[in-house]
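**Q** 3D, please:
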Amino acid sequence: MKKPLQKSKIPANKVFVIKELREPYLDKFWHSHEEFQLNVVLKGRGTRYIGDHMKPFKEGDMVLTGPNLPHVWRSDNIFFDVENKMETHDIVIYFPRNFLGADAFIKEEFEEIEKLLSRADRGLEITGPTNKQVTKMMKELLEKQGASRIIGLLQILDLLAHSPDLAPITQIDYKNNYTAHEKDKISEILEYVLKNFKEKITLSDVASMANMSESAFSRYFKSRVNKSFTDFLGDVRISNARKLLHDEDLNISQVCFESGFPTLSNFNKQFKDRTGKTPLAYKKDYIEPF
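**A** Coordinates of the predicted model:
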């Protein structure tokens, strides 16, 4: 299985890289890289997993991640069937901390941007008016060349540095302590779960994939992902349920079984434990926000 887990993003002759990507689906492998990454999804839906946090994504999702923070934006399974002719569209910027030189961000003028970059170690979700403004600036940045492109990136970072519309993503105690081999192993498990969560998945299944006993795997998974495998699997299924409650004309029972829950009572309990609402109340609040 191909796993591009440690990516070199910026050519030696570039200060930073901005790309507009149109693909049938987003990169499905858990990975990390040394650069900061600012990403906005313009088209496409799925589940994003950053550090120890999972959440559905859709059009407008914008995130800034710091160096070596593991992440994946995995498109919904429907995107992987070529007959569906689905497409994703996003803009992504990769830049190193020292893109202005080794000591630039310790200078007084860049104090707020330096604080922003430090906060990005946990990942930052960007919402509200800032999201819309930065999306526009990223589209414009695609057309810039030369020094104006660097100025454009600085303008984006300055706006983010002073915005109230940023929220940390990972838990405050999250630590990335993966080796490259462990990322391979976790990537394989994440992909298996995200592809097969509608089916019955047992601890024995995934422990066998990792060539571990169930008890050893449980300890290993929790130490790396910051939650138990059972909680992780529940998060995947609840994430899918939230998307279905938002986007599909399905009743609660259909959402339950389409998300891999064995019983309606189990679904209702897990959903309320994680969101604070019953599935029916969650759907009603989304449809009737006021």
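**Q** For residue 15, see how far away the closest residue to residue 98 other than its chain neighbours is.
**A** What sits nearest to residue 98 in space, not counting adjacent residues and going by CB to CB, 6 or more residues apart in numbering, is residue 104, at 7.2 Å. Quick note: C-beta positions are derived from backbone N, CA and C, even for glycine. Using CB to CB, to the nearest Å, one obtains 12 Å as the distance from residue 104 to residue 15.
**Q** so how many other residues sit close to residue 147?
**A** Burial of residue 147 is recorded as 9 neighbouring residues (other CB atoms under 10 Å).
**Q** ok, now how distant is it from residue 36?
**A** Distance from residue 147 to residue 36, counting by CB to CB: 20 Å.
**Q** What residue in this protein is the furthest from its centre?
**A** With CA atoms, centre = their mean as the measure, the chain has its most outlying C-alpha, relative to the mean C-alpha position, at residue 108: 32.2 Å.
**Q** confidence score at that residue?
**A** The predicted local distance difference test score for residue 108 is 87.
**Q** and it, what does it touch?
**A** By CB atoms under 8 Å, 6 or more residues apart in numbering, the contact list for residue 108 is empty.
**Q** The residue nearest to residue 121 when sequence neighbours are not counted: neighbour count?
**A** Spatial nearest neighbour of residue 121, chain neighbours left out: residue 66 (4.1 Å); criterion: CB to CB, 6+ apart. Number of residues near residue 66 (other CB under 10 Å) recorded here: 23.
**Q** Next: residue 185.
**A** The number of residues packed around residue 185, counting by other CB under 10 Å, is 21.
**Q** My read is that it contacts residue 210, right?
**A** Yes: Residue 185 is within contact range of residue 210, at 5.7 Å (criterion: CB atoms under 8 Å).
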